[in-house]
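Enquirer: Mind folding the following:
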Amino acid sequence: MGAKVGGGNAGGMDEINVTPLIDIVLVLLIIFMVLTPITLTKMASELPPQEQNDPPPPDPNDPKQLLVAVYADNSLALNLKPMDEAALTEALRTQLLGRVSDKKNVFIDAHPDASYEVVVHWIDVAREQGAQRVGLTEFKEEGPVQLSPEQVQLLEAPAAPAAPTP
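Expert: Numbers count the residues shown, from 1 in each chain. Here you go, the predicted model:
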């Protein structure tokens, strides 16, 4: 590759020797391969400031979200309100009825000890009642929160009236 061996010509070589060029390119390639991951981890990301006109991010506790909770004893709740099967099916149907198609989402949070058949059944029920997307969530490893009767009464209580503005 680098030099001609033998030959009768005593003159100079008329071919370019590319061996040093290849050596330099390989060394540079190795240097860039080693430095690139380090550079990427140290690269700072500056996000533009949020404008005041931007809408606030959606509240994860928004009551418009539909969350079906399946507890360890296979009891059910919709948005943390305990319900029986018939009431839950009807509540899903009525709440999904007036929504636009991209807002017809139902999330199912099941306890790890809940019956698999019950969870799959409620995925099917949500689809039958009009849900476009059904997602499985896991907010806590021990399963969905089960409210006490006092907390359920607070959920069902009407909202306090707004204070009058001067």
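Enquirer: first to last residue in stretch 95-106, what's the distance?
Expert: Counting by CA to CA, to the nearest Å, the length from the leading to the trailing residue of stretch 95-106 is 10 Å.
Enquirer: From the rest of the structure, what touches that stretch?
Expert: Surrounding stretch 95-106, the residues in contact under the criterion CB atoms under 8 Å, 6 or more residues apart in numbering are 64-68, 92, 126, 129-135. Any C-beta I mention is one placed from the backbone N, CA and C, and that applies to glycine too.
Enquirer: do that again at 6 Å, thanks
Expert: Contacts of stretch 95-106 from elsewhere in the structure, counted by CB atoms under 6 Å, 6 or more residues apart in numbering, are 66, 126, 129, 130, 131, 132, 133, 134.
Enquirer: Counting only strands, which of those residues make the cut?
Expert: Within those, membership in strands is found for 66, 133, 134, as judged by DSSP state E.
Enquirer: Excluding chain neighbours, give the residue nearest to the first one in space.
Expert: The shortest distance from residue 66 to any residue that is not its chain neighbour, by CB to CB, 6 or more residues apart in numbering, is 4.7 Å, and that residue is residue 106.
Enquirer: circling back to that earlier point, show me which of the contacts of stretch 95-106 is closest to residue 82.
Expert: residue 66 (15.2 Å; CB to CB).
Enquirer: count of neighbours near the closest one?
Expert: If you count neighbours by other CB atoms under 10 Å, residue 66 ends up with 22.
Enquirer: now the one 3 residues further on
Expert: Residue 69: 27 surrounding residues under other CB under 10 Å.
Enquirer: Make sure residue 69 is indeed in a strand.
Expert: Yes: secondary structure of residue 69 (DSSP: H, G, I helix; E, B strand; the rest coil): part of a strand.
Enquirer: any idea how far residue 114 is from it?
Expert: Here the distance between residue 69 and residue 114 works out to 9 Å (CB to CB, to the nearest Å).
Enquirer: May I see the buried residues of the longest helix seen in the chain?
Expert: Ranked by residue count under DSSP state H, the longest helix found in the chain is helix 19-42. Neighbour-count burial for helix 19-42 flags no residue at all (criterion: 16 or more other CB atoms under 10 Å).
Enquirer: same deal with stretch 105-118?
Expert: Neighbour counts over stretch 105-118 (16+ other CB under 10 Å) mark 105, 106, 107, 108, 109, 110, 111, 114, 118 as buried.
Enquirer: For those residues, could you give me a markdown table that also reports distance to residue 19?
Expert: A markdown table is the format used below for the buried residues of stretch 105-118 (distance: CB to CB, whole Å):
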| residue | distance to residue 19 |
| --- | --- |
| 105 | 64 |
| 106 | 67 |
| 107 | 64 |
| 108 | 66 |
| 109 | 66 |
| 110 | 66 |
| 111 | 69 |
| 114 | 69 |
| 118 | 72 |
